[in-house]
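> Next comes the sequence, and after it the predicted model I'd like to discuss.
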Amino acid sequence: MPGPYAGIRVIELGRFIAVPYCGQLLADGGADVIKIEPLSGDDARRNGTRLGDTEARQFLNKNRGKRSAAVKISDPRVQAIIRKLAGSADVIISNFRPGQAAELGIDDKTLRATNSRLIYAENSAFGPRGPLSRQPGMDLLLQGLTGLAPIHDGSPVPFGDPIIDYTAAMLMAWGIATALFHRERTGKGQSLDVSLLQAALVIQNNSINHVDAADGWRDDFVSYLKDAFSRGATLGDVIAHRDTLKPAIEPPYYGFFPTRDGMIALAAGGRALQQRAAKALGVGDPALEDDSYQPADIAAHARAMRAESAAAFRKKTTEHWLGLFAQAGVPAGTIHLKDEILDHPQAWENEYLVRLEHETLGGMTVVAPPVKFSDSPLAITTASPVLGRHTAEILTEAGLTHGEIDALAGDGVARIAP
């Protein structure tokens, strides 16, 4: 069956993660995604484990189902070709450095002036306005800026996976779907901006909030921060001071706990589940046994109950606890390494993983399209393209003759895959 985006043409002017993964989601939905790459390829072709001259692990997992045109984008002839392609395209997705698209004459205003139905979706680091709007940025910088990076032993530790980039990609894909729906009703396209900063705030939606009546005003801590480091305070000092103002609460029945022979994940998030978990563990928690009980120090009470829970877990095996929590209806599970999930029957029976054949690398296992549709399923058509595999094909679609294409290749402006 045709995918939900069949007949939609997308021009991808992106690199690294957020825009390419958004493009892959659209390609899985049946869109014709034309990936415009530099002559040397998307930078992700050199990120992670190198598997060939122009293939790397971090490219393969974000670029399947696309067509690759490798060109010198700074050449005016190529810019004119992109404008020609954009004239009949439905969607542009890009993550140029700030101001670069306008310099090249392929920004949203230029392209939408001749195609009012065009949806131009741009991924920026910090958003289009404000003091940082012209600054380049990547996932790691936004982890630091927004406080997302976890603090261990007084120092921030980056997440191993770029969760901000992937969140931005999914927000962008949702935004494009919404804009296409709007266009169906109005006939008009529009411009979208999805920033890494916004994505980082979305990830922290549980904690990036402040209720004045409950939390008080923040001026004291803000004033402290302004000169704390100039006085020689360390990050650990600052965190300790913050925690005296608003102590962190360790949930007693939520997290990873060592058992007698391994480790278990427990997710008793609501009161009823917490009561069942405490009963299964044999923990006497007065806050769960008496609705009127109010501990004098909530954080200290939570730490004490967590310590009791942790001590109980260490007495029995993981298998014992999994059986007990299953009987009690409390969410609990085992801990796996990433390599192990590749063989887990739950992932395969639900088609969350899939096998692919790459043109030069052969077989591989990858994450499947992330949403299952009953009537318009997403589908993987091809593995990620070899650099420049479709350059001649796409230039022909832009109206160039074989002679003109040969001339661009001869001038070192276009790369044609052998």
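Structure's in. What do you need? Predicted model only: the values in this text are computed from it and were never measured.

> Okay, now the unreliable bits of this protein?
Under the criterion pLDDT under 70, the flagged ranges of the chain are 216-220.

> per-domain residue ranges of it.
Domains of the chain are assigned by automatic domain parsing as 9-202+346-415, 254-338.

> Figure out which of those domains is closest to Thr234.
Across the domains of the chain, the minimum distance to Thr234, taken as Cβ to Cβ, is reached by domain 9-202+346-415, at 6.5 Å. C-beta here means a position set from N, CA and C on the backbone, and glycine is covered the same way.

> rewinding a little: most tightly surrounded among the domains of the chain?
Sort the domains of the chain by mean neighbour count, taking mean count of other Cβ atoms under 10 Å, and domain 9-202+346-415 sits at the top with a mean of 18.

> what about it, start to end distance?
This stretch, domain 9-202+346-415, spans 22 Å end to end (Cα to Cα, to the nearest Å).

> chain center to that domain: distance?
Here domain 9-202+346-415 is found 13 Å from its chain centre; the criterion is Cα atoms, centre = their mean, to the nearest Å.

> nearest to Val238, of the domains of the chain?
Closest approach to Val238 among the domains of the chain (Cβ to Cβ): domain 9-202+346-415, 9.3 Å.

> If we ignore the residues flanking it in sequence, what's nearest Leu196?
Leu142 (4.6 Å; Cβ to Cβ, 6 or more residues apart in numbering).

> Next, the contact list for the one you found, please.
Listed by Cβ atoms under 8 Å, 6 or more residues apart in numbering, the contact partners of Leu142 are 125, 148, 164, 196-197, 199-200.

> among the residues you listed, which are in helices?
Of those, the ones assigned to helices by DSSP state H are 164, 196-197, 199-200.

> Out of the contacts of Leu142, the closest to Tyr293 would be?
Within the contacts of Leu142, proximity to Tyr293 (Cβ to Cβ) peaks at Leu148, which comes in at 34.3 Å.

> residues in contact with the closest one?
Contacts for Leu148 (Cβ under 8 Å, 6+ apart) come out as 142, 159, 164, 200, 203-204.

> ok, which pair from the residues you listed is furthest apart?
Longest span within the contacts of Leu148, Cβ to Cβ: Phe159 and Gln204, 12.2 Å.

> Next, Ile93: secondary structure please.
Following DSSP: H, G, I helix; E, B strand; the rest coil, we place Ile93 in the strand state.

> can I assume it is in contact with Leu25?
No: at 10.3 Å, Ile93 does not count as touching Leu25 under the criterion of Cβ atoms under 8 Å.

> what's the residue lying closest to Asp139 once chain neighbours are set aside in contact with, if anything?
Nearest residue to Asp139, sequence neighbours excluded (Cβ to Cβ, 6+ apart): Pro162, at 4.0 Å. The contact partners of Pro162, taken as Cβ under 8 Å, 6+ apart, are 17, 139-140.

> Now render those as JSON lines, adding distance to Leu245 and secondary structure.
Shown next, in JSON lines, are those (distance: Cβ to Cβ, whole Å; DSSP: H, G, I helix; E, B strand; the rest coil):
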{"residue": "Ile17", "distance to Leu245": "36", "secondary structure": "coil"}
{"residue": "Asp139", "distance to Leu245": "29", "secondary structure": "helix"}
{"residue": "Leu140", "distance to Leu245": "28", "secondary structure": "helix"}
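
> now those as CSV including distance to Asp406?
Output for the contacts of Pro162, formatted as CSV (distance: Cβ to Cβ, whole Å):
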residue, distance to Asp406
Ile17, 34
Asp139, 40
Leu140, 43
